[in-house]
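Colleague: how would this look folded up:
(one chain, ligands or ions: 1)
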Amino acid sequence: MKRHNALPPASRLVHLVGNTPLVPVRLDGGPEIWCKCEFLNPSGSTKDRIARYMLEKAWRCGEIAAGGRVIEASSGSTSIALALACAQMGLRFTAVLPEGVSDERVWIIKAYGGDVHIVPRAEGIVGAMRWAADEAARSGAFAPRQFENPNNAEAHRLFTAAEILQEIPHGVVDAVVSGVGTGGTLVGLFEGLDGAGCSVTPVHARPVSGTILGDAECCAFSKRVPGVVEGMSHLFMPERMAGLVTMDVPDEEALSITRKLIGRGFPVGPSSGLNFAAAVEMARRLGDGACVVTVFPDRMERYFSTELFTPIKSVAAAAV
Ligand code: PMP
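Modeller: Numbering: from 1, shown residues only. The predicted structure follows:
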């Protein structure tokens, strides 16, 4: 029988990850969308699920043990989630970030006891990934590599999808909507719901820049929705997702819907507005009574210094 290494006691904090509420949300008289409130995970994003799961899998398989080192390149929520998970599991963590990420991100990682290595802006996330791979090979550190680690999608397939099925009335989901960064969320949710017998349409929400239809810019992928990136994933293979629908959402609309969601009491970041906009369009296409599910991946506090808050700051400044 295969033996597994026991997890450290601190990992009992695992019960804090996941089991987020799934709530029906309707904006401006539009269709009702079921939204999984992933921003309520302990580090503030859905990435707590994959951080915890990838590390636990590695621990059980003996790839990492108490005091070991974890290294990951991520400009987004994953480095924060890994920093928190490592703090809880007694592991050392190094985040490799491209120059230009916000100070807040660096401070949070350091507060959890992590190290930060910055690569030059020109090298971007690809340069950061290269540095992380070289350093992991040199030092023997464990590199979760979220863009290619199948345990990323598995965490969503086994847990997020199962939670949705438990919470959704009648246990039936017609469409599941998500932006794609690593692809773990969309792939895992689709496989989990499909595997449970739902006839579910996967919907890839893509932020696009430019607002004038017919403009060549119109279909350019937009970088204004952090976390959602094009062409990085080794997990998302469109040809393996039966019935995949790609829904383009103007980035300006993603931001304005995010502001509306915040105004309704959901403290979320831009990818939530992107997901919600695509989910509304999908619900309209499917017609009355369709059950469309999406995720609110992370919290608004990470975006105070971004354009998401520009209109709010100007109103606040005018009022002083
Ligand atoms: N939203 C945010 C805020 C993210 O950080 C990410 C991933 N980096 C996503 C959405 C996309 O999720 P996934 O990586 O599972 O495709």
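
Colleague: which strands and helices sit next to the longest strand along the chain?
Modeller: Secondary structure assigned by DSSP state E gives strand 201-209 as the longest strand of the chain. The contact analysis (3 or more C-beta pairs under 8 Å, 6 or more residues apart in numbering; DSSP states H and E) places strand 201-209 against strand 175-179, helix 184-195, strand 220-221, strand 245-250, helix 251-263, helix 270-286. (C-beta placed from N, C-alpha, C; glycine too.)

Colleague: how many neighbours does the residue in the stretch 101-250 of the chain that the ligand sits nearest to have?
Modeller: Going by C-beta to the nearest ligand atom, the ligand is nearest to Gly227 of the stretch 101-250 of the chain, at 2.3 Å. A count of neighbours around Gly227, defined by other C-beta atoms under 10 Å, yields 24.

Colleague: How about the secondary structure of it?
Modeller: At Gly227 the chain is in coil, as set by DSSP: H, G, I helix; E, B strand; the rest coil.

Colleague: In contact with it, which residues?
Modeller: Counting by C-beta atoms under 8 Å, 6 or more residues apart in numbering, Gly227 makes contact with 76-77, 179, 181, 269, 271, 297-298.

Colleague: which parts of the stretch 101-250 of the chain sit against the ligand?
Modeller: Residues of the stretch 101-250 of the chain found near the ligand (C-beta under 6 Å from any ligand atom) are 179-185, 226-228.

Colleague: Closest one to Ile125 out of these, please.
Modeller: Ranked by distance to Ile125 (C-beta to C-beta), these are led by Gly181 at 10.4 Å.

Colleague: can you count the residues close to the closest one?
Modeller: Gly181 is flanked by 26 other residues according to other C-beta under 10 Å.

Colleague: cool, and Asp298?
Modeller: By the criterion of other C-beta under 10 Å, Asp298 has 28 neighbours.

Colleague: Which stretches in this structure count as strands?
Modeller: 22-25, 33-36, 69-73, 92-98, 115-119, 175-179, 201-209, 220-221, 245-250, 292-295.
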